[in-house]
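**Student:** A predicted structure for the sequence below; I have some questions about it.
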Amino acid sequence: SQQGEEDPQALSIQEGENATMNCSYKTSINNLQWYRQNSGRGLVHLILIRSNEREKHSGRLRVTLDTSKKSSSLLITASRAADTASYFCATPKGGGADGLTFGKGTHLIIQP
Amino acid sequence: DAGITQSPRYKITETGRQVTLMCHQTWSHSYMFWYRQDLGHGLRLIYYSAAADITDKGEVPDGYVVSRSKTENFPLTLESATRSQTSVYFCASNPAEGNQPQHFGDGTRLSIL
């Protein structure tokens, strides 16, 4: 079963605009992670936010976490063509030692 | 080069054949994972391993076998391939349990005819 569900499933914006993706999950978590996947490649870890954190930044990425609503958002500012990819949120199964549960992803297209 | 490598990158085989997908990591990470990625399902965990000689089932283990005789290798075997196992398979690792990101290989695209 899917723990995280991303919204929207697909997003197309102009280069330079900001992109926001949302993730909802069902059970209590100790952290939530965001990954990027370029076409034909493996997933690349972007950012991990712990359950006691509300916001985290990494370069042009900003992640928020609202544990009361069981939701997270990923904001990419000043988008570039190279940001075109699929983005997934993931939460640990159990204590985190037994893998991650992924959502189905948001496919982001940055138009030049 | 350091990292996690999967082989082969592409494989075509027939139903009923046995096929083994290889995964090798150079970090000496304790934990390794196998996922499959299918349209409409995202990534689903097949098997995972906490250390050499310790493996456990994930969400979709049926039809798959794993072993982990060495820390750096975690092969996945389809003993008798079926068309429903056509998928992209990803191997991942992380150094310890808890709040740790996973590192992924580039995947094996497997087609079963």
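**Tutor:** Looks like it came in fine. Worth saying up front: this structure is predicted, and the values here are computed from it rather than measured.
**Student:** So, low pLDDT: which residues of chain B?
**Tutor:** For chain B, the stretches flagged by pLDDT under 70 are B:1-2, B:97-98.
**Student:** My read is that B:L45 contacts A:A90, right?
**Tutor:** No. The criterion here is Cβ atoms under 8 Å, and B:L45 misses it with A:A90 at 10.6 Å. Just so you know, the C-beta spots here come from the backbone N, C-alpha and C atoms, and that holds for glycine as well.
**Student:** which neighbours do the two share?
**Tutor:** Common neighbours of B:L45 and A:A90, using Cβ atoms under 8 Å, 6 or more residues apart in numbering or on different chains, are A:100-101.
**Student:** Neighbour count: these two, which is higher?
**Tutor:** A count of neighbours by other Cβ atoms under 10 Å in any protein chain shown puts A:A90 above the other of B:L45 and A:A90, at 27 against 22.
**Student:** Looking at strand pairing, list the partners for that one.
**Tutor:** Taking DSSP bridges as the rule, A:A90 bridges to A:Q33, A:F102.
**Student:** Please report how far it lies from A:I29.
**Tutor:** Using Cβ to Cβ, to the nearest Å, one gets 10 Å for the distance from A:A90 to A:I29.
**Student:** got the contact list for stretch B:5-15?
**Tutor:** Stretch B:5-15 is contacted by residues B:19, B:21-25, B:80-83, B:89-91, B:105-113 when judged by Cβ under 8 Å, 6+ apart.
**Student:** neighbouring contacts of stretch A:7-22?
**Tutor:** With Cβ under 8 Å, 6+ apart, stretch A:7-22 has contacts from A:6, A:23-24, A:71-81, A:83, A:87, A:104-112.
**Student:** quick one: low-confidence parts of chain A?
**Tutor:** For chain A, applying pLDDT under 70 flags the ranges A:1-4, A:95-97.
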